[in-house]
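*Asks:* This is a predicted model, with the sequence first.
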Amino acid sequence: MSDIRAEIVLPTSDLRKDLPFFTKTLGMRMDMIYPADNPAVAVVSGHGLRLRLDGESKAAPGLLRILTDDPIADGAKALTSPGGTRVEIDELNPPLVLPKTEHAFVVRRLADQAPWVIGRAGMEYRDLIPTRLGGAMIASHIRVPDGPVPDMVHYHKVGFQLIFCVAGWVDVLYEDQGDIMRIAAGDCFIQPPGIRHKVLHSEGVQVVEIGVPAEHVTEIDHAMTLPNGVINRDREWDGQRFVHNIGSTGAFAPFRIPGFEARDTTINANTKGVASVMVARPNGIAPWTKHTGDILFSFVMTGEMTLEGEGKDPYRLSPGDAFVIPPGMATRYSECSVDLQLLEVSLPGNPSTTLV
């Protein structure tokens, strides 16, 4: 099969001055130029691009983005070539920015919810926190069509990410974790920042996915094949270990709220306090309490309860409903059914809680 090349055509109003701009200022190389006596077209390449600088093109001026952690062009961030091409220079691996949380009391009911939205790889999403707390986090209730999932090996540039299964099951491959792993209802994964993974197959699955911050980048890794033949349970990604927690093996112990007990998914320990993920159920009558954490999110998995909040009308909640309680706000979980189970995610982990 013959080689195939692709070029991006950029119009230029001054090819002679554009050549030193692209080769010297931007560090690219010249590959072709013609005609020799009065050049009108030149091809330059570099930074993963092949550009055709065309003095006869009638196209609009182009915009070129260069991503690098090594300064070029004397550290400039925005340039315009003599021939009219705009150039933006940005970081290749910018630091993750965690927006300040905009605290709010949020209740999201399944019965009041808009239709599910089709997202990546054919998955269906419903947003559990419309405000996203000012960009601090995103919480999604996700359904995956039964059967093979058209996914690719990918990773997320994220501070914290949880996948908690509330129904069905799903098979996933993870970097350095061996062969296929399955989570079923009550099980969860945390996906540390940057861990490569791929969703394979699902049946009747519904998950709650938490991401911090709300807006984060997903990148495809075309080089890695999973499984990658490595098992390293102690590996850390940005200080976090991969967690595959099986709900049926967990033991219940006293919860931060009296009148409830909970099982710990070990996520607090394996993220070194970045977040805790608990499954709570009633074993008595809960009092009014306040917490001092930053983010406290809960999702009703089974059963019913009434959520009372100071200055708020009470909310009767049922499976699929979600709520966020801001720090310092007095609340009470009352009229709980015996089959109530709550998924609680808190950042940072295990927030201090006091009786009111």
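*Replies:* On my side now, so go ahead.

*Asks:* where's the nearest residue in space to residue 82 that is not next to it in sequence relative to residue 39, distance?
*Replies:* Distances taken as CB to CB, 6 or more residues apart in numbering place residue 17 nearest to residue 82, at 3.5 Å, with adjacent residues excluded. Heads up, the C-betas are built off the backbone N, CA and C, glycines and all. Distance from residue 17 to residue 39, counting by CB to CB, to the nearest Å: 12 Å.

*Asks:* Over to residue 53?
*Replies:* 9 Å.

*Asks:* Next up, the contacts around residue 241.
*Replies:* 192, 233, 234, 235, 270, 271 (CB atoms under 8 Å, 6 or more residues apart in numbering).

*Asks:* one step back: if I look at residue 17 and residue 39, which residues touch both of them?
*Replies:* Joint contacts of residue 17 and residue 39 (CB under 8 Å, 6+ apart) do not exist.

*Asks:* residue boundaries of the helices in the stretch 1-150 of the chain?
*Replies:* Assigned by DSSP state H, counting those that start in this stretch, the stretch 1-150 of the chain shows helices spanning 15-20.

*Asks:* Could you pull out the strands in it for me?
*Replies:* Listed in chain order, the strands of the stretch 1-150 of the chain (DSSP state E, counting those that start in this stretch) span 8-11, 29-34, 41-46, 49-54, 63-67, 78-80, 86-90, 106-108, 117-118, 124-127, 138-143, 147-148.

*Asks:* Contacts for the second one next, please.
*Replies:* This means strand 29-34. Contacts of strand 29-34 (CB under 8 Å, 6+ apart): 19, 22, 23, 39, 40, 41, 42, 43, 44, 45, 46, 50.

*Asks:* Could you point out which residue ranges in the chain have low pLDDT?
*Replies:* 1-2, 114-115, 120-122 (pLDDT under 70).

*Asks:* Need the outlier residue of it, farthest from its centre.
*Replies:* Ranking residues of the chain by C-alpha distance from their mean position (CA atoms, centre = their mean) puts residue 37 at the top, at 54.5 Å.

*Asks:* how near is that residue to residue 260?
*Replies:* For residue 37, the distance to residue 260 equals 85 Å [CB to CB].

*Asks:* and the protein, what are its domains?
*Replies:* 8-90, 115-246, 249-355 (automatic domain parsing).

*Asks:* Please dump the ones you listed into a markdown table; it should also carry distance to residue 101 for every row.
*Replies:* Putting those into a markdown table (distance: least, CB to CB, whole Å) gives the following:
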| stretch | distance to residue 101 |
| --- | --- |
| domain 8-90 | 26 |
| domain 115-246 | 4 |
| domain 249-355 | 5 |
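
*Asks:* Let me know which of those is the nearest to residue 106.
*Replies:* Among the domains of the chain, the nearest to residue 106 by CB to CB is domain 249-355 (4.1 Å).

*Asks:* measure that closest one end to end?
*Replies:* With CA to CA, to the nearest Å as the measure, domain 249-355 spans 31 Å from end to end.

*Asks:* what do you get for stretch 50-68?
*Replies:* Taking CA to CA as the measure, stretch 50-68 stretches 17 Å from start to finish.

*Asks:* So for residue 96, which of the domains of the chain sits nearest?
*Replies:* Residue 96 lies closest, by CB to CB, to one member of the domains of the chain: domain 115-246, at 5.7 Å.

*Asks:* Now for the residue nearest to residue 82: which residues touch it?
*Replies:* By CB under 8 Å, 6+ apart, the contact set of residue 17 is 81, 82, 83.

*Asks:* Among those, find the one with the greatest number of neighbours, please.
*Replies:* Ranked by the number of neighbours (other CB atoms under 10 Å), the contacts of residue 17 place residue 81 first, at 24 neighbours.

*Asks:* Give the full set of residues in contact with residue 322.
*Replies:* Applying CB under 8 Å, 6+ apart, we find residue 322 in contact with 106, 107, 108, 128, 129, 139, 141, 297, 298, 299, 300.

*Asks:* Let me know how buried residue 33 is, in neighbour terms.
*Replies:* Neighbouring residues of residue 33 were enumerated by other CB under 10 Å; the total is 15.

*Asks:* who's it bridged to?
*Replies:* Under the criterion DSSP bridges, residue 33 forms beta bridges with residue 42.

*Asks:* That one and residue 93: what is the separation?
*Replies:* Using CB to CB, one obtains 34 Å as the distance from residue 33 to residue 93.

*Asks:* Verify the contact between residue 46 and residue 64 for me.
*Replies:* No: taking contacts as CB atoms under 8 Å, residue 46 lies outside contact range of residue 64: 11.0 Å.

*Asks:* Now the common contact residues for the two.
*Replies:* Joint contacts of residue 46 and residue 64 (CB under 8 Å, 6+ apart) do not exist.

*Asks:* Rebuild the contacts of residue 322 as TSV, extending it with distance to residue 229.
*Replies:* As requested, the contacts of residue 322 are arranged in TSV below (distance: CB to CB, whole Å):
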residue	distance to residue 229
106	44
107	47
108	42
128	37
129	39
139	34
141	35
297	37
298	39
299	36
300	41
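
*Asks:* Return a ChimeraX selection command for the buried portion of these.
*Replies:* Typed into ChimeraX, the line below selects the buried ones among these, using 16 or more other CB atoms under 10 Å:
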select :106,107,108,128,129,139,141,297,298,299,300
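
*Asks:* Return the residues in contact with residue 27.
*Replies:* Taking CB under 8 Å, 6+ apart, we find residue 27 in contact with 46, 47, 72.
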